[in-house]
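**Student:** Here's a sequence, model it:
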Amino acid sequence: MKKVLLLCMLLSHLLPPIQAQKAGDLDPTFGTQGILKTQFKAGNLGNESGTELFVQPDGRIISVAGLEGKLVLCRYNTDGSVDKTYGTNGYSEPLLFNYSFPTILDPYYVDVAMQPDGKVVIAWNVDDFISMLNASFLVRYNTDGSRDTDFGTVHISEPHDFLSTSLAIQPNGKILVGGYALVEYPFDSPYFVIARYNNNGTPDGSFGTGGYITSDPVGPYTSPTSIAVQSDGKIVVCDHNSAFLTRFKSNGDPDPSWGEEGNVEVDFPVHALVIQPDQKILVAGPAFTGSSYKLALRRFNSNGTPDRSFSGDGKLVTNTVVSPDGAFTVALQSNGRILASGTSGGNNPVLNILRFSNTGTPEITFAGNGKLVPGINGASSFTLLPDNRIGITGYIHNGVNKDLVLARYYGNGTPDPTLDGDGKAIIFYQVGYASFLSTALQKDGKLLALAQSFNGKYNDKLLTRYTSKGELDKTFSEDGMQPVDSAAQTVAIQPTGKIIVAGGDYFNSTKAPLIARYNQDGSPDHTFGNGGKIEHKNSSIVALAIHANGKIIVAGNGGTASDYDFAVTRYNSNGTLDLTYSNDGYVTTDFGSPADFAKAVAIQEDGKVVVSGTAFGYDYNTQLALARYNGNGTLDKTFGEEGKALPAARWSTFLSGWPEAKGAIATQPDGKIVVAVEQWQELRYEPSPVYHGITRLKTDGSLDESFAMSEYYGASGVIDFRLGANPKVLIDFQNGGIILTAGPYVSRYLMNGSVDPSFQGTDKGLSQINDIAIGNKRLYMVGSFTSFPQSFATISAALLKDNQPPVVNIVSPANNNSFVAPATINITALASDPDGTINKVEFYNGSTLVFTEWASPYYRQVHNVPPGTYKVTAKAYDNLGKTTTSSIINITVTDPSQRLALGSLELNQDKQNQLEGLSAHLEQNIPNPAQGSTLIRYYIPAKAGTAQLILTNLNGHVVQKFILNKGSGQTSINTSSLPAGTYIYSLYIDGKQADRKLLVIAR
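**Tutor:** Okay, the predicted model is just below:
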């Protein structure tokens, strides 16, 4: 019995309707508006860790958390449950550390503070690798977890080269940012800086000079580590490097009433401070006692003198050992008791919380033994919650990954069991990580996609199959999914329809190379190799191709771990080595460099095999490399030099790296070769930005100079730059174009290399395109879509040609036909679409919608039509939303009281017959659809001319003719000899069409 390893969950997204009209537009008939997003396995797969807590005005708790390397906010209700109304399932939008600098930025020193209204402000720093300068930024989150777009992203550009180290919010909502900057002497000691911003994110010009103040350094690497604001608006700042407390007036001037020129020296580094209601200032930090550092407290009066009512001399050194560079917190409970904490343990910090009386006496009953050690990984601080309770956040390791934890204690240090029963609430973000790696299109239009999904420890691999509508094909392996080996990387289809999956790393025993074959129903093909698999032992497998005769080509890297070579192996269609290929089925090619990496393989129409990749030289430059092999596995000496080509396809001196092939190659019928290449901009620091393009080679391996070139960079044979990854290239022979994808981008080029302006290269719903395929008049793109913190395996389908409009005509009744009220009118339209299907046909009287038909025949009998003049049209919609409206059919319905009289005069018989002549008509055949025979009723006025009934097919070919008698009558048509389909029967009076109807013949 088959075991289903993964759960497939198809995600429906509420997106606006798409009307695909142009080549490149998404095809809305596939998946959800052209996109299929799939999460095979979701659960507790990520890593979460809390860093600090804040309490909103309504009592709900905000946890600042790390989630897979990004910062998020998580909100708890007062009972400790996650507030699902906040952000997405309780998590805010992630803070992605990026900005409009020209290179990658690394975040560090993140500070968070809460405004009085509950909004959260975050400050963080980045390194700019190009300019070698630093930068600091501010963002703000609304109370619902969304980014405050009115506040935006504030770049703290003054002073120059500023880095933030602390953050505080004044009662009036103004934002204080502490940090340091190299103001005057870039390589001297940093200067202490405080900047202030208004609530809207603009610099506060009333503070200091231009919104910031600087202070001469009073110690090495001076920087504020904590900021507090007194009730009178004065600002107190501590610095753990210089062991000083500094106070400023509300306008930023030094406060001369505080110590010496606004500075008070403390005999230990100050990490944390709190201002008491009586304006006394309490500080905490590590004090060195000769052999170790101990948690220490000091309290000062409002003028900066030691408060000797605290522990006798204003200073208290505890017996709790702490790390000098650890985290420290100090807070004041409403009853005046003091809570203080410090961490010990270095890289694995242990949080220690102690409580003291208002005079500094340790409370030995706190937490049972005088010290609260919560035992929560990553916990470095505490937060004072309402009712004097204590909140702590961090993480707990579940054996696989980290889960966010919230712990709550009563003010006396005992666990609060009202929080999840034991005082600890553990949560995790439900995530999944999936992507499609490779794809192949079957002859019947079904799409194969090789997927990978992270299960918490490693990636599971699945071979999946989808219908042309984007639905899992349940006839494939029972549920549309077949588990495959974890080494699988690529998929291809043999001419017989059997499916080949291959992949693996020759130098990694955990992912040993293999080739497997599956039947068309998804079951393993046990007639192939050894039980359906081949253990490939010659090289890694990075690319796969199938000969027209079913033989299998795999390309990869062979040689040794220190000297890679191109490696090509050919197998017979049954999985045995093809010993006619290079005598043993295996061939390697050395380009004379220490490392040659094969990336892609293609088979020409003449059966020759082309492999593209990179030759990595001794000078650390890379070079585009290609090799071509004859049918017997020998190098084709008509290609390049002795079968090897190293084309100089470098297209920009601005970019310092040489191009290399990157997983994409396609051959034209004329033997020319199109290769996707990449080139990078070499920077002093990695990572360097990478650009992609395509180049074309002649059949002899030289650059094709007729291929379009980029005028901006002025280099032959290369077009277009795309910032992305893992490019793919495919030739669209039917529409005469070359498809290039790189990262999330897709472009189409004409066969001469110029950009195809008719192709819409817009967003295709993928963050990364890993493979492409052409079929069903579509371009299929498979890869992944990332919506932090998870990724979805994604398939997008785009049109390859502009959508053609549908064709629609009303065939019954004829134009300018008349009826007598209350009339019964049979309305019939014919509709077709040259490149798709008809979705529906709407029938209108003027601008008023009368009825809609969703399937052929597009017919309805309308009863009791009152007198009047009607203008009837039919509007056809194709499957992609394009419409066509038919010509107007004018219909007149007369009042029966006017049929026999005109004014007060009686009409003679001739006049009556003349009016009746206008009413020659057909009735709908019975039965319809017809099976064997059908009956058609008609009426022909006595004075009418010769009447004929003519039956035609939709191509206009006459099938049968009948002469009809005057008056009311009926005729039977034998349909048994006619093919099933749709026909038209028409009434002609003296050769002019008077009416027509639609006849459907069924079998």
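**Student:** Under the pLDDT cut-off, which ranges of the stretch 301-450 of the chain? List them.
**Tutor:** Within the stretch 301-450 of the chain, no stretch has pLDDT under 70.
**Student:** What's the local residue count around the residue nearest to residue 360 when sequence neighbours are not counted?
**Tutor:** Closest residue to residue 360 apart from its sequence neighbours, by CB to CB, 6 or more residues apart in numbering: residue 311 at 3.4 Å. In this view, the C-beta of every residue, glycine as well, is placed from N, C-alpha and C. When counting by other CB atoms under 10 Å, one arrives at 19 neighbours for residue 311.
**Student:** Same question for residue 548.
**Tutor:** If we define neighbours as other CB under 10 Å, then residue 548 has 10 of them.
**Student:** same question, residue 213
**Tutor:** Per other CB under 10 Å, the neighbour tally for residue 213 reads 20.
**Student:** circling back: just list the residues touching the residue nearest to residue 360, thanks.
**Tutor:** Neighbour list for residue 311: 297, 359-361 [criterion: CB atoms under 8 Å, 6 or more residues apart in numbering].
**Student:** doesn't residue 306 make contact with residue 313?
**Tutor:** Yes. Here residue 313 lies in contact with residue 306, judged by CB atoms under 8 Å, at a distance of 6.6 Å.
**Student:** what about those two, which has more around it?
**Tutor:** For residue 313 against residue 306, the residue with the higher neighbour count under other CB under 10 Å is residue 306, and the figures read 15 against 12.
**Student:** gap between the nearest residue to that one once chain neighbours are set aside and residue 296?
**Tutor:** Nearest-residue entry for residue 306: residue 314, 3.2 Å, with adjacent residues in sequence omitted and distances by CB to CB, 6+ apart. In this structure, residue 314 lies at 11 Å from residue 296, with CB to CB, to the nearest Å as the measure.
**Student:** same thing with residue 75?
**Tutor:** Look at residue 75 and residue 296: by CB to CB, they are 35 Å apart.
**Student:** Between these two, tell me which one has more neighbours.
**Tutor:** When neighbours are counted by other CB under 10 Å, residue 75 and residue 296 differ, and residue 296 comes out ahead with 26 against 23.
**Student:** bridging residues for that one?
**Tutor:** According to DSSP bridges, residue 285, residue 317 are recorded as the beta-bridge partners of residue 296.
**Student:** Please name the residues that touch it.
**Tutor:** 268, 284-287, 315-318.
**Student:** cool, and residue 938?
**Tutor:** 920-923, 947, 949, 964, 968-971, 987.
**Student:** Just the buried ones out of these, please.
**Tutor:** Judged by neighbour count, with 16 or more other CB atoms under 10 Å as the criterion, the buried members of these are 920-923, 947, 949, 964, 971, 987.
**Student:** So, low pLDDT: which residues of the stretch 601-750 of the chain?
**Tutor:** 617-621, 649-663, 679-692, 709-727, 733.
**Student:** tell me which residues form a beta bridge with the residue nearest in space to the middle of the chain?
**Tutor:** Centroid check for the chain by CA atoms, centre = their mean gives residue 785 as the closest residue, at 2.7 Å. On the basis of DSSP bridges, residue 785 is bridged to residue 792.
**Student:** buried sites along stretch 421-433?
**Tutor:** By 16+ other CB under 10 Å, the buried positions in stretch 421-433 come out as 423-425, 427-429, 431-433.
**Student:** Quick check: end-to-end length of it?
**Tutor:** Distance between the two ends of stretch 421-433: 32 Å, counting by CA to CA, to the nearest Å.
**Student:** neighbouring contacts of that stretch?
**Tutor:** The contact list for stretch 421-433, computed with CB under 8 Å, 6+ apart, reads 39-46, 48, 67-68, 74, 76, 80-82, 89-91, 376, 396, 403-409, 415-417, 419-420, 453-454, 789-792.
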